[in-house]
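Visitor: Pasting a predicted model and its sequence here:
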Protein chains: 2
Amino acid sequence: MDTLLEDIAWNSDGLLPVITQDAGSGQVLMLAWMNRQALLKTVELGEAVYWSRSRQRLWHKGEESGHVQRVKQLRLDCDGDTLLLQVEQAGGVACHTGRAHCFFRGLVDGQWTVLEPILKDPDLLYGKGRQ
Amino acid sequence: MDTLLEDIAWNSDGLLPVITQDAGSGQVLMLAWMNRQALLKTVELGEAVYWSRSRQRLWHKGEESGHVQRVKQLRLDCDGDTLLLQVEQAGGVACHTGRAHCFFRGLVDGQWTVLEPILKDPDLLYGKGRQ
């Protein structure tokens, strides 16, 4: 199983970027990071487990909100330094802002403009204690 | 115009990752990087201009192969540290290996396995001098 780690060009922090895409719609949901342990855990569980750079710990996506990402396919790029994770997004909400995905701002007339609605109140996703 | 740079959380190298997606099919084509100048140039030209970390220079995608990426939409994520670039890929080949996209290896039985065909001979894309 660990042979899958050997083809990967981890960066100097031992991480690689992971693009997460909705397997059904093709919508790009988010970009996150994995270390070796996160990738092995993702494969083992069949659900996305990232490395949280801000919290410096493994982050099983949906562990608080229930919005787990069930892995349908894992892809590696030509340089071996980026993963594409195709998932089924539980609850239809990938972003901590309560939106379907994280790329909700578009460049319109030179300004980043919110183009996507909030589907779920973030306070209800995480509890009031969460910023 | 430069106000669009201010909302972006550039990393310590002054870069941010850019996910490039085919605007029509939704296929994720590649991950690359931009600095401020690359982003401004991309907006100005309407074609993808990245920062090549290996060559340490601006890289107008398709400058050698003719396979430019015409920008349809630019999106910024919730943390302001990742771009999603939706493009029309000239020639239908985004990867330097001559494949439609860079994510041509999938995890099959614990092994990274080539799943996508070569559409164009890389030697013909770039000339024989290119590795």
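Guide: Thanks, I have the structure now. Computed from a prediction, not measured in an experiment: that's the story for all the values here.

Visitor: by contact count, what packs against the top helix by length along chain A?
Guide: Identified as the longest helix of chain A according to DSSP state H is helix A:36-45. If you count contacts as 3 or more CB pairs under 8 Å, 6 or more residues apart in numbering or on different chains; DSSP states H and E, helix A:36-45 packs onto helix A:3-6, strand A:49-52, strand A:57-60, strand A:69-76. C-beta: built from backbone N, CA, C; applies to glycine.

Visitor: can you tell which of these is closest to A:Ala32?
Guide: strand A:49-52 (4.1 Å; CB to CB).

Visitor: low-confidence ranges in chain A?
Guide: By pLDDT under 70, the low-scoring segments of chain A are A:1-2, A:127-131.

Visitor: residues from it in reach of chain B?
Guide: By the rule CB under 8 Å from any CB of the partner chain, the part of chain A lying against chain B is A:1, A:3-4, A:7, A:17, A:19, A:21, A:25-28, A:30-31, A:43, A:73-79, A:82, A:84, A:95-97, A:99, A:102-107, A:110-112.

Visitor: Filter the residues you listed down to the buried ones.
Guide: Buried by 16 or more other CB atoms under 10 Å in any protein chain shown: A:4, A:17, A:19, A:21, A:27-28, A:30-31, A:74-78, A:82, A:84, A:95-97, A:99, A:102-107, A:112, out of those.

Visitor: Take the residues you listed and keep only those in helices.
Guide: A:Leu4.

Visitor: Mind checking which of the buried ones among the residues of chain A next to chain B land in strands?
Guide: A:17, A:19, A:21, A:28, A:30-31, A:74-76, A:84, A:105-107, A:112 (DSSP state E).

Visitor: what's the closest of those residues to A:Asp123?
Guide: Closest to A:Asp123, out of all of these and judged by CB to CB, is A:Met30, at 20.2 Å.

Visitor: ok, now how distant is the closest residue to that closest one other than its chain neighbours from B:Ala32?
Guide: Nearest residue to A:Met30 in three dimensions, chain neighbours excluded: A:Cys102, at 4.4 Å (CB to CB, 6 or more residues apart in numbering or on different chains). According to CB to CB, to the nearest Å, A:Cys102 and B:Ala32 sit 18 Å apart.

Visitor: repeat for A:Cys78
Guide: Counting by CB to CB - A:Cys78 and B:Ala32 are separated by 12 Å.

Visitor: Repeat that for A:Leu125.
Guide: The value you get for A:Leu125 to B:Ala32, if CB to CB is used, is 32 Å.

Visitor: These two: which has the busier surroundings?
Guide: Comparing A:Leu125 with B:Ala32 by other CB atoms under 10 Å in any protein chain shown, the one with more neighbours is B:Ala32, at 24 against 19.
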